[in-house]
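Asks: One predicted model, sequence on top.
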Amino acid sequence: MRRAVDRFINNNKKATFILQLTAMVDMFTILIVFLLKSFDTSPVQVAPSQNLVLPHSYSMKAPEEVLKVAISNEAILVDDVKVVTLKDGVIDKNEMDLSDPKFIKALFDALDEQAQKTEKIAEVNSDHKFEGKILLQADKNLKYGILEKVLYTSSMAGYTDMKLATMTYE
Amino acid sequence: MGRSKRRIKMNNDSEATFELDLAPMLALMVTLIPIMLLATSFVKVRVIGTTLPQAVKEAIQQDKNNKEKIVSIDLKMNTDNFQIVVKEDDVKVLEKMVLPKNSEWDYEGLHKALYEVKKQFPKKYTINIYPEKSVPYNEIVKAIDEAREAKKEESMFTVFDKAKNNNIQTRVMFPEVNFSGLLGG
């Protein structure tokens, strides 16, 4: 009996072992390579939101750094600053110009301010010039009626080259 | 003596294998992977536009500067159908209707109709789009997608490359889209 206990104790002492991590490191290496491949350095970042889901397109052209105008069901934002509040994708009548039903005053003011800022920079820096480019990030369910007003107001503020932001799945 | 020496050497060799300590590498990867997962976007933002070959760009510029005969291609998006109208000097020369399929917009039909128009007017690269106010933005983007390029199974279009003095083949149909009717009221 005593001998059996000794044998048990001796066996237990030898029970330490080294973890075989090679397979796990292999798996992590593959995972890191895949993640690096999917890594996107796009200048445009869209925060996922229930009210701003971009439409899907097959276009593969990467966006460039220009003024961003985002339209969700709740608001119109110029460079991430809320300028107009919407109610279920409809602009409040007070935000509109009475003489022109397509003209959004607050949006025009915000865009005009941005245009003037760019022109002032252009005066001192010849590399920087006002090109009138806009990146439009609009929710896919918005009606063209609201987009038309935004496009019209943007063109009035001098932004005539509009790029439409879309989603591409990997 | 010689045999015993050899035996000793062999024993030493067999014991020279060792286990690599992968624990620090694993620790590094466990840190790296969450960072990468946070920074990686599986859905990428792209803009509507096509990266065009130089010859096609020149052809588009030539189309814009062309003052001989003004051809305009209008795509009207109604509540459930498409209407394509081609005008030469403001005179209607072609009209095509793409009727709904299963009470939805027929994008396949639209693509075929635009492909036929492109074959008739190969030097034209711009379409004017007129969506109705109630048309969702998503549907407009789908229509623009259909107009941009010919499909792989369709034959390509020929563009003359001035720089190389030869013809090149391209799938590009109507990469330039104008939202028309904005200023017209």
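Replies: That came through, no problem. Just so it is clear, the model here is predicted, and its values are computed rather than measured. Numbers count the residues shown, from 1 in each chain, chains lettered A, B, ... in the order given.

Asks: Break down chain A into its strands, ranges please.
Replies: With DSSP state E as the criterion, chain A has strands at A:67-71, A:75-78, A:81-87, A:90-91, A:133-138, A:161-169.

Asks: got the contact list for the third one?
Replies: Read it as strand A:81-87. Outside strand A:81-87, the residues within contact range by Cβ atoms under 8 Å, 6 or more residues apart in numbering or on different chains are A:71-77, A:91-92, A:95, A:104, A:106-107, A:109-110, A:146. Using the backbone N, CA and C atoms, a C-beta is placed for each residue, glycine as well.

Asks: quick revisit: any chance of JSON lines for the strands of chain A, columns mean pLDDT and mean neighbour count?
Replies: Putting the strands of chain A into JSON lines (pLDDT from 0 to 100; neighbours: other Cβ atoms under 10 Å in any protein chain shown) gives the following:
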{"stretch": "strand A:67-71", "mean pLDDT": "89", "mean neighbour count": "23"}
{"stretch": "strand A:75-78", "mean pLDDT": "90", "mean neighbour count": "20"}
{"stretch": "strand A:81-87", "mean pLDDT": "88", "mean neighbour count": "15"}
{"stretch": "strand A:90-91", "mean pLDDT": "82", "mean neighbour count": "15"}
{"stretch": "strand A:133-138", "mean pLDDT": "88", "mean neighbour count": "22"}
{"stretch": "strand A:161-169", "mean pLDDT": "83", "mean neighbour count": "18"}
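
Asks: would you list those strands in TSV and tack on distance to residue B:175?
Replies: Below are the strands of chain A laid out as TSV (distance: least, Cβ to Cβ, whole Å):
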stretch	distance to residue B:175
strand A:67-71	22
strand A:75-78	27
strand A:81-87	31
strand A:90-91	31
strand A:133-138	17
strand A:161-169	13
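
Asks: Among these, which comes closest to residue A:38?
Replies: Comparison of the strands of chain A against residue A:38 by Cβ to Cβ identifies strand A:161-169 as nearest, at 11.2 Å.

Asks: now for the closest one, which elements pack on it?
Replies: If you count contacts as 3 or more Cβ pairs under 8 Å, 6 or more residues apart in numbering or on different chains; DSSP states H and E, strand A:161-169 packs onto strand A:133-138, strand B:43-47, helix B:137-148.

Asks: residues making contact with it?
Replies: A:44, A:46, A:53-60, A:63-64, A:66, A:131-138, A:151, A:154, B:42-49, B:141, B:144, B:179.

Asks: Give me the buried entries from the residues you listed.
Replies: Burial by neighbour count, 16 or more other Cβ atoms under 10 Å in any protein chain shown: within the contacts of strand A:161-169 this picks out A:44, A:46, A:53-57, A:59, A:63, A:66, A:132, A:134-138, A:151, A:154, B:44-49, B:141, B:144, B:179.

Asks: how does chain A divide into domains?
Replies: Domains of chain A are assigned by automatic domain parsing as A:2-38, A:67-164.

Asks: Equivalent analysis for chain B, please.
Replies: For chain B, the structural domains run B:2-39, B:54-179, going by automatic domain parsing.

Asks: and these, which one's lowest on average pLDDT?
Replies: Ranked by mean pLDDT, those bottom out at domain B:2-39, with a mean of 73.

Asks: how far away is residue A:25 from residue B:40?
Replies: Relative to residue B:40, residue A:25 is positioned 20 Å away (Cβ to Cβ, to the nearest Å).

Asks: make that residue B:87, sorry
Replies: For residue B:87 relative to residue B:40 (Cβ to Cβ), the value is 48 Å.

Asks: Excluding covalently adjacent residues, which one is nearest to residue B:95?
Replies: residue B:85 (5.3 Å; Cβ to Cβ, 6 or more residues apart in numbering or on different chains).
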